[in-house]
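Asks: Quick one, fold the following:
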Amino acid sequence: MRVDRTADDLAAALPALIQGAFVVAVSTRDEQALRSIAPTMAMPITPPAQASAAGSG
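Replies: From the prediction side, this is the model:
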């Protein structure tokens, strides 16, 4: 869990990510927008060192 972000920031980030993906998916009619949020959902809550290591592989 991240300690450099407040609980309020984290609580707002995940729904915003999901809502944004739905907006893009509906407007473009592209299901890939919905699929793309699955790996991205962990990024706001994963500590920065782990997030950068996970993204490099």
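Asks: ranges for the strands of this structure?
Replies: Per DSSP state E, the chain has no strands. Nothing in it meets that criterion.
Asks: could you point out the longest helix in the chain?
Replies: What stands out as the longest helix in the chain, according to DSSP state H, is helix 7-28.
Asks: List the buried residues in that helix.
Replies: Taking 16 or more other C-beta atoms under 10 Å as the basis for neighbour counts, the residues of helix 7-28 that come out buried are 13, 14, 17, 21, 24, 25. Every C-beta, even on glycine, is put in place using the N, C-alpha and C of the backbone.
Asks: Got the confidence number for residue 9?
Replies: In the prediction, the pLDDT value recorded for residue 9 is 87.
Asks: ugh, typo on my part, it should be residue 15
Replies: The score at residue 15 is 88. That number is its pLDDT.
Asks: Show me where the protein dips below the pLDDT cut-off.
Replies: Confidence mapping of the chain against pLDDT under 70 gives the ranges 1, 50-57.
Asks: go with 50
Replies: 57 (pLDDT under 50).
Asks: Name the surrounding residues that touch stretch 6-15.
Replies: When contacts are defined by C-beta atoms under 8 Å, 6 or more residues apart in numbering, stretch 6-15 is touched by residues 2, 5, 41, 44, 45.
Asks: rerun at 10 Å
Replies: Surrounding stretch 6-15, the residues in contact under the criterion C-beta atoms under 10 Å, 6 or more residues apart in numbering are 1, 2, 5, 37, 40, 41, 42, 43, 44, 45.
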